[in-house]
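>>> what follows is a predicted structure for the sequence shown.
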There are 2 protein chains.
Amino acid sequence: MSFEISERDLSGRAGVLRTRRGEVKTPCLMPVINPVKNSIPPRELKDLFGYDMIITNSYLILKHFGSDAPDVHELTGYEGTIMTDSGAYQLLIYGGVETDPIEIVKFQERIGSDIGVILDTPTGGFASRPEAEKTVEETIKRARSSLEFRDDPTMLWAGPIQGGRYLDLVRKCARIMGSMDFQTHPLGSPVQIMEGYDYPTLVDMIVTVKRNLPPDRPLHLFGAGHPMMLAMGVALGCDLFDSAAYALFAKDDRYMTVRGTFRLDRLSELPCNCPICSRLSQKDLLDMPKKNREEALARHNLYVTSSEMRAIRQALREGSLWELVETRSRSHPKLYEAFKRLGKYTNYLEENDPVIGKEPRGIFIYDRRSLIRPEVIRHRKRIIENYSRPVCKEIGVFLQNPPEKPYIRSKEYQDALKILPEGEFHICFYGEPFGVVPSELSETFPLSQYECSQGTGMDVSRDLRKFIRANSYRKVFIIDPGSSIMIEGAMTLRSIEDVRGHLDEDNP
Amino acid sequence: MSFEISERDLSGRAGVLRTRRGEVKTPCLMPVINPVKNSIPPRELKDLFGYDMIITNSYLILKHFGSDAPDVHELTGYEGTIMTDSGAYQLLIYGGVETDPIEIVKFQERIGSDIGVILDTPTGGFASRPEAEKTVEETIKRARSSLEFRDDPTMLWAGPIQGGRYLDLVRKCARIMGSMDFQTHPLGSPVQIMEGYDYPTLVDMIVTVKRNLPPDRPLHLFGAGHPMMLAMGVALGCDLFDSAAYALFAKDDRYMTVRGTFRLDRLSELPCNCPICSRLSQKDLLDMPKKNREEALARHNLYVTSSEMRAIRQALREGSLWELVETRSRSHPKLYEAFKRLGKYTNYLEENDPVIGKEPRGIFIYDRRSLIRPEVIRHRKRIIENYSRPVCKEIGVFLQNPPEKPYIRSKEYQDALKILPEGEFHICFYGEPFGVVPSELSETFPLSQYECSQGTGMDVSRDLRKFIRANSYRKVFIIDPGSSIMIEGAMTLRSIEDVRGHLDEDNP
């Protein structure tokens, strides 16, 4: 097995997970299937919907078929990579299971699962701190003993990270589990946290895990499969997802979209163009027998989810994952709160985001929330901390960002060049979204590859002040037609023409 | 013919336009077809993609077939409603056409067009003011004479509104054209304005037209067909759209999405689940012969556009058009600027928006931009201007909005009731997004049917101050654990418990 990362954007990674059954393109979502009966034949999940990998439950197989159950590929008819869960979720929900950690490890090997999960002890969303501590201890203990009983070296094992909303426990669990011989790590039991729409806490949990796990192991956001939140999960560094929602929602006549879930009977038209919705109307669906409707809705939900995964991988490779996250965060105010929570993790996002832009795709800036994207944060930081002006250019002249890009092709810049004699003038631009842009850098990505909606509310004078202080000019002119910017040690002029007068004063 | 409006949301209307060929569900987008050859047979536009109405160009038919051209339905094989354009666009682009206003009116009648357009004089996006004035004069003159030459009373006629970016000219043109016997009105030549991404100006133009046209006539945003901007067009009151973009973009290997347009060769995966994209990969498309690829892309573009129209009609009927506009405005920063421009037209949006909520759909509030939606504006205005407190309740007690909804079911409210004796206390709630909510109204739509992301930056104390002043209480307590709200004539207390002490002072 190997996990190879080929592209990055924000903290997201696109890559390939190789299992003994073949290649899985990541980020990847696995539909959850029932081991016994499915209205949609599992082989169609690959052939028709393009899912490279599915997940089913080994504990349910054990209960249904006993210990001499058939191979899971044979059982399901699915030829690709199959991951099996261990019954830990049943443990969380029902308080107990009729198996033990060693038996279920052996059993998963026997039925030919490609990726197994140990039977850990999920923390869940409602545990008290002492309970959470206990689940982490127990999970680590079970992980150690489970790994000893493995026999098949070609099978991969997933080591869940527990701790729930207690971030120090999550950190501890991630460090210890990450030091063991697991190949992938599910973040345990976010389902209850997501059911309470507590997406900001989920952001905290994911970042905590990511910072404490070996970066070369895929992170699996266990039980998270609503298309509206997948982009954010990927942006934070999750590589694998699984979803039973497509089927559970269908059973309940609920219709998934990237903008949220709708009850079928409250829709009037179907806001989707998948093969189901292009052919049938809402009325057609309502008129169907329940069983057929459930299948049609499950198919729709699967189409929506798979195209969202393609959209995410596409955006990631293109470098526009931020824009996708920004759009999707308008699917629910609680998801938007999670988006705002990213403001707490700008360093995390910036550290992982590739420095080299993926031209020719520019970046889009909408409002002050867009200003925390790595490209903006990075430029504003570096231009203060790592930049020095050319030594001979001792007079700083700061022009407002012209509408034309690159700035040095603008009329405003060309006019300035005509007025200011060669040599000692250092012309820079100021404005949203990048703060200060020295003219000699203005063609560098992304300084001329962006679109910015005016009025982000950015405090440009803060950037100007820092930049001017850091570059100890002999003289500084800020050209500001509105004369609203006042900075110590700088002279604010209405027009570039006015610079001449002030030079003459110096050298009469 | 009739145009019947059945549902409203913001300034958008859902309804039915009846022509002699049948019913057209509005808002409606008409694909533009070439009168002579189309890679996609026009009949499929209805049968496969669900387009109730198409548009083609009578001038091109005249040039190609001469004056004895066949019936346009026979020519195209499309059985539904067909609108024909007049060559005015060719006039704008090429500066002249080989027909005249009377001939083309007669010709459109002869070929059996269901909705004809007079040969007006488009202003375009680049006209000087004197030029624009001339086009408006000429359009009005031509409208008068064209209408006189109509013979067929079952055919509908469209009277274009010119004036371009000169809003006073648009207003004048709309008033005069609106007084004539037209059945629908295209807003003329926004194409050049959209090509320059000047969406805010387009907002100004649409609102100006809408305010000056009879409300019972459909407004057609001529040449606007990109799926990313249709929701905003509908929200502003446009009923009809047409689009050649699906075919033009396909010819140019461009792939439309509601999030913008992509060059096919720069995509890696196809971020869509239409019947084309569910079956083919980006590589499959690139490997096709150009002609087949163009057809496949055109089909994809048509699927995307038709499902967006369904999404828009669905949102409109549900009362969530605002949310859709908010999401789509993140497709491009210039579109977001148009969204911000809506702030200039809150009265316009509120006047038209239905007062009665479409329960059970609540409203979503994301940030300060969401605060200009009609439901919020309306409550904040009315609660100051039209509300009086119950006469006997002379002591105002203002609690922060509790997390639970309706507020009066919250623990905070129940606690307050226990502490404050019946009768003279008027308990109200304050906070984002509605400002002040008197407890007796707290179950009214949408005061408990909303989700709000905290931190919109709303100035609640302004609402409190106005409300308190308007209701002349004998005494006012504001319960604010942070003690940050200070309002003249009101006492700010940390806890509801503290009210008791202050009452005792009064009545020892």
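Arrived safely. Numbering: from 1, shown residues only, chains lettered A, B, ... in the order given.
>>> what residues does the helix or strand residue A:364 falls within touch?
Taking DSSP states H and E as the criterion, the element that holds residue A:364 is strand A:363-365. Residues from elsewhere that reach strand A:363-365 (CB atoms under 8 Å, 6 or more residues apart in numbering or on different chains): A:319-320, A:322-323, A:370-371, A:373, A:375-376, A:432-433, A:446, A:449-453, A:456, B:330, B:332-333. Every C-beta, even on glycine, is put in place using the N, C-alpha and C of the backbone.
>>> can you rerun that using 6 Å?
Outside strand A:363-365, the residues that touch it by CB atoms under 6 Å, 6 or more residues apart in numbering or on different chains are A:323, A:375, A:433, A:446, A:450-452, B:333.
>>> what's the answer for stretch A:319-338, then?
A:9-10, A:12, A:197, A:199-200, A:203, A:228, A:231-232, A:235, A:259-260, A:315, A:339, A:358, A:361, A:364, A:373, B:326-327, B:330, B:364, B:366, B:451-453.
>>> again with stretch A:12-32
Under CB under 6 Å, 6+ apart, the answer for stretch A:12-32 is A:1-7, A:45, A:51-55, A:80-81, A:114, A:154, A:218, A:234-235, A:239-244, A:309, A:313, A:316-317, A:321.
>>> go through those residues and flag which are in strands.
In this view, those that belong to strands under DSSP state E are A:2-7, A:53-55, A:81, A:240-243.
>>> list buried residues within these.
A:3, A:7, A:53-55, A:81, A:240-243 (16 or more other CB atoms under 10 Å in any protein chain shown).
>>> can you pull the pLDDT of residue A:273?
As predicted, residue A:273 sits at a pLDDT of 96.
>>> ok so, going back, tell me the one among the buried ones among the ones in strands among the contacts of stretch A:12-32 nearest to chain B.
residue A:7 (9.0 Å; CB to the nearest CB).
>>> helix, strand, or coil at the spatially closest residue to the closest one that is not a sequence neighbour?
Closest residue to residue A:7 in three dimensions, ignoring its sequence neighbours and counting by CB to CB, 6 or more residues apart in numbering or on different chains: residue A:14, at 4.2 Å. Secondary structure, DSSP: H, G, I helix; E, B strand; the rest coil: residue A:14 is strand.
>>> burial check on residue A:14, number of neighbours?
23 (other CB atoms under 10 Å in any protein chain shown).
>>> also residue A:298?
22.
>>> that's a helix at it, yeah?
Yes: counting by three-state DSSP, residue A:298 is located in a helix.
>>> so which bits of the helix or strand in which residue A:348 is found are buried?
Per DSSP H and E, residue A:348 falls inside helix A:346-352. By 16+ other CB under 10 Å, the buried positions in helix A:346-352 come out as A:346, A:348-350, A:352.
>>> tell me the one among those nearest to residue A:270.
Checking those against residue A:270 by CB to CB gives residue A:349 as the nearest, at 35.8 Å.
>>> and that closest one, how far from residue A:321?
10 Å (CB to CB, to the nearest Å).
>>> then stretch A:308-316 to PDB, C-alphas only?
The C-alpha trace of stretch A:308-316 is given here as PDB (Å, rounded to 0.1, in the frame of the first residue of the first chain):
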ATOM      1  CA  GLU A 308     -19.400  17.200  -5.400                       C
ATOM      2  CA  MET A 309     -16.300  15.000  -4.900                       C
ATOM      3  CA  ARG A 310     -15.300  15.600  -8.500                       C
ATOM      4  CA  ALA A 311     -15.900  19.400  -8.000                       C
ATOM      5  CA  ILE A 312     -13.700  19.300  -4.900                       C
ATOM      6  CA  ARG A 313     -10.800  17.400  -6.500                       C
ATOM      7  CA  GLN A 314     -11.100  19.700  -9.500                       C
ATOM      8  CA  ALA A 315     -11.000  22.800  -7.400                       C
ATOM      9  CA  LEU A 316      -8.100  21.500  -5.300                       C
END
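>>> let me see the contact set for residue A:275.
Contacts for residue A:275 were tallied using CB under 6 Å, 6+ apart; they are B:275, B:278.
>>> flag every residue of chain A that's near chain B.
A:267-269, A:271-275, A:278, A:303, A:307, A:310-311, A:313-314, A:317, A:326-327, A:330, A:333, A:336-337, A:364, A:366, A:451-453 (CB under 6 Å from any CB of the partner chain).
>>> quick revisit: would you list the ones in strands among the contacts of stretch A:12-32 in a markdown table and tack on pLDDT?
What follows is these, written out as a markdown table (pLDDT from 0 to 100):
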| residue | pLDDT |
| --- | --- |
| A:2 | 89 |
| A:3 | 95 |
| A:4 | 96 |
| A:5 | 95 |
| A:6 | 94 |
| A:7 | 93 |
| A:53 | 97 |
| A:54 | 98 |
| A:55 | 98 |
| A:81 | 98 |
| A:240 | 98 |
| A:241 | 97 |
| A:242 | 96 |
| A:243 | 91 |
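>>> residue B:190: which of those is nearest?
Nearest member of the ones in strands among the contacts of stretch A:12-32 to residue B:190, counting by CB to CB, is residue A:7, at 38.5 Å.
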